[in-house]
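**Q** Generate coordinates for the sequence data below:
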Amino acid sequence: MDDELFIKGLRINWNEISQDSYLRSIEALSQLKELEFHKPITFFVGENGSGKSTLLEAIAIAYGFNPEGGTKNYSFSTYDSHSELYDHLILIKGYRHSSWGYFLRAESFYNVASKEEEYGKLSPKGSMYYHYKSHGESFLAMAQDNFKGNGLYIFDEPEAALSPQRQLTLLYEIDRCVKEGSQFIIATHSPILLGIPNSEILSFDGSIHAIDYEDTDSYRITKMFINDKDRILTQLFNEE
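**A** Next up is the predicted model:
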C-alpha cells in the first residue's frame with residue numbers, strides 16, 4: 001500500500017534551519033528527521049501547539065498548495081503567516097501522481113471561499129457562492145465539491161465548522177474517495193473523524209508516534225465526560 005500513496009513520507013533538513021528558529025522549540029518537530037506514511041488516511045493528533053498544524057501546512061506548501069488553502073490553482077495571500085519549514089522539507093513520493101487535490105484549513109476558510117467566488121466569475125462553471133450558506137454548510141459543501149478520486153487532500157481541523165452529524169457525512173465522503181484511490185492527511189481533535197477504519201493515527205505529544213484510537217485524548221476525554229459528566233463537572237467547578 002505504501003508505494004500507492006502520493007506522499008509516502010518526508011524528511012526534514014535541520015542543517016538548513018537556523019539555531020534560533022522557533023521550529024526547534026516545538027518538541028515533537030525538533031526530534032523529527034524522517035516520517036513514513038503507511039495508510040491512505042493519516043491523522044495528526046495532539047494538544048494545541050504540539051506542531052501538528054505546522055507540519056501539515058509545510059507538507060501542503062511543499063506539495064504545491066497555496067498556504068491559505070484551496071487547490072494548486074489558487075494563488076493569493078491575505079496574511080503571510082506560514083513557517084519556513086516547507087523550505088526544508090523533502091517529500092518522499094510514490095510512483096502514482098495525483099490528478100487533483102485540496103488543502104482545507106479551518107482558520108483561513110473565509111479567505112478561500114472569498115477567492116473561490118472571485119475565481120468563479122471567470123469560470124464557465126461559475127461560482128459556488130459558499131458565502132451564501134452557513135459556515136458549516138459551506139465548509140462541507142466546499143469539501144464535497146472538491147472531492148474526487150485519485151486526489152491528495154490535506155485538512156486542518158475540518159471538524160471546526162461541522163456538527164457531529166455533518167462530521168459523519170464528511171467521513172462518508174472521505175471513505176468514498178479513498179476507495180477511488182485518494183490519500184488524506186488530516187489534523188484533527190474529533191473522536192468521530194478519528195474513528196474511520198483503515199487509517200493511521202500519529203500523536204504529536206512529546207514525539208511523533210503511532211497511537212491506537214482508544215488511546216487518543218480525543219477519545220478518552222470524550223468517553224470519560226459522557227460516562228461520568230456530573231463527577232467531572234463537580235471536580236472542574238470545585239463544587240461541594
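**Q** I'd like to check what contacts stretch 30-44. Which residues are they?
**A** 1-2, 4-5, 7-12, 14, 23-24, 52-53, 55-56, 92, 174, 178, 182-188, 193-194, 196, 198-202, 204, 207-208 (CB atoms under 8 Å, 6 or more residues apart in numbering). (Glycine included, C-beta is placed from N, CA and C.)
**Q** If any of these are buried, give me the ChimeraX selection for them.
**A** To isolate the buried members of these in ChimeraX, using 16 or more other CB atoms under 10 Å:
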select :5,7,8,9,10,12,23,52,53,55,56,174,178,182,183,184,185,186,187,188,193,194,196,199,201,202,204,208
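**Q** Looking at the contacts of stretch 30-44, which are in strands?
**A** In strands, judged by DSSP state E, the following of those are found: 7-12, 92, 183-187, 199-202.
**Q** So which residues of this structure form helices?
**A** 27-30, 52-63, 109-120, 135-146, 164-179, 217-227, 229-237 (DSSP state H).
**Q** buried residues in the longest one?
**A** Looking back up the chat, that one is helix 164-179. Going by 16+ other CB under 10 Å, helix 164-179 has these buried residues: Arg166, Gln167, Leu170, Leu171, Ile174, Asp175, Cys177, Val178.
**Q** Kindly indicate which of those residues lies nearest Gly64.
**A** Cys177 (19.1 Å; CB to CB).
**Q** list the contacts for the closest one?
**A** Applying CB under 8 Å, 6+ apart to Cys177 gives the contacts Phe147, Lys148, Gly149, Gly151, Tyr153, Phe184.
**Q** In terms of pLDDT, where does the fourth one sit?
**A** By that I understand Gly151. Note on Gly151: pLDDT of 94.
**Q** Return the distance of it relative to Pro197.
**A** 20 Å (CB to CB, to the nearest Å).
**Q** So for those two, which sits in the more crowded spot?
**A** Ranked by neighbour count (other CB atoms under 10 Å), Gly151 and Pro197 place Gly151 first, with 20 against 10.
**Q** Quick check: that one touching Ser98?
**A** Yes. Between Gly151 and Ser98 there is a contact under CB atoms under 8 Å: 5.5 Å.
**Q** list the residues that contact both of those two?
**A** By CB under 8 Å, 6+ apart, the residues touching both Gly151 and Ser98 are Ser182, Gln183.
**Q** Give me the residue ranges of the protein where confidence is low.
**A** By pLDDT under 70, the low-scoring segments of the chain are 1, 73-83, 106-136, 239-240.
**Q** try 50
**A** For the chain, the stretches with pLDDT under 50 are 1, 76-79, 110, 119-120, 122-124, 126-127.
**Q** hang on, the earlier thing: tell me which of the ones in strands among the contacts of stretch 30-44 is nearest to Glu84?
**A** For the ones in strands among the contacts of stretch 30-44, the nearest to Glu84 is Ile12 (11.3 Å; CB to CB).
**Q** quick one, what contacts that closest one?
**A** Leu29, Leu32, Lys33, Glu34, Leu85, His88, Leu89, Ile90.
**Q** swap in Ile174?
**A** Neighbouring residues of Ile174 by CB under 8 Å, 6+ apart: Ile41, Phe147, Tyr153, Phe184, Ile196.
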